[in-house]
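> using only what follows, build the 3D model:
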Amino acid sequence: MPSTALQILLRGTGYTARSTGVGAFTIMPAPREVPAAAEARKRLQPYFAVVQTGISDALCRNAPGAADKEILLQLWLSSSGLVTRAEVIDDDGKAARDQSYAAAIRGLAFAIPPPGMPQPVNVVIFPSFKASRTCGPVNAARGGR
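From the prediction side, this is the model:
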């Protein structure tokens, strides 16, 4: 996918790509992060890693075609850690037509979110997740493919 390739190419350069239409991107300087925001992001990273792993696991079990494309998600979590709302979004930030992957994620339960965690939580699942170490053993353990 072009957006994935651009993310990889621009990593560490101080630039970012913004979608301006189907297959069109503008490359611009990445916004500078204020120290407080950088500290908050660092504090939340372990929780976000758990969420992303849980989502990948759910997609491995419940959404067979998910491994074929990049999936951008927005999630809303309750104070107890339950995914109360999930939406697949397109590169332009609008809700995608196909929301079947979001259906596989709604109702997942995670640990209680850290205080002050922003909502929604934005997650990107890359196409290669199904071939990862995580998905293979999950499916094998559950008798999946």
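> who are the neighbours in contact with the spatially most central residue of the chain?
Nearest to the mean C-alpha position of the chain, counting by Cα atoms, centre = their mean, stands residue 123 at 1.8 Å. Contact analysis of residue 123 by Cβ atoms under 8 Å, 6 or more residues apart in numbering lists 48, 51, 52, 55, 72, 73, 74, 75. For the C-beta atoms, the positions are set from N, CA and C on the backbone; glycine is no exception.
> if you set the cut-off to 7 Å instead, what comes out?
51, 52, 55, 73, 75 (Cβ atoms under 7 Å, 6 or more residues apart in numbering).
> list the ones among those that fall in strands.
73, 75 (DSSP state E).
> ranges for the strands of the protein?
Going by DSSP E, the chain shows strands at 15-21, 24-29, 71-77, 83-89, 121-125.
> make a markdown table out of those strands and add mean pLDDT and distance to residue 61.
Below are the strands of the chain laid out as a markdown table (pLDDT from 0 to 100; distance: least, Cβ to Cβ, whole Å):
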| stretch | mean pLDDT | distance to residue 61 |
| --- | --- | --- |
| strand 15-21 | 81 | 30 |
| strand 24-29 | 83 | 33 |
| strand 71-77 | 90 | 15 |
| strand 83-89 | 93 | 15 |
| strand 121-125 | 84 | 14 |
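> out of those, which gets nearest to residue 7?
strand 15-21 (7.1 Å; Cβ to Cβ).
> orientation of the closest one relative to strand 24-29 in degrees?
150 degrees (axes from the mean of the first three to the mean of the last three Cα atoms, to 10 degrees).
> about what we covered before: out of the contacts of residue 123, who's the most crowded?
Among the contacts of residue 123, the one with the most neighbours (other Cβ atoms under 10 Å) is residue 55, at 25 neighbours.
> surely that one touches residue 102?
No. Counting by Cβ atoms under 7 Å, residue 55 does not reach residue 102; the two are 10.2 Å apart.
> returning to what we had before: beta partners for the residue nearest to the centre of the chain?
Residue 123 forms beta bridges with residue 73, as assigned by DSSP bridges.
> that one and residue 43, how far apart?
18 Å (Cβ to Cβ, to the nearest Å).
> just residue 22 next, same as before
From residue 22 over to residue 43 (counting by Cβ to Cβ), the distance is 36 Å.
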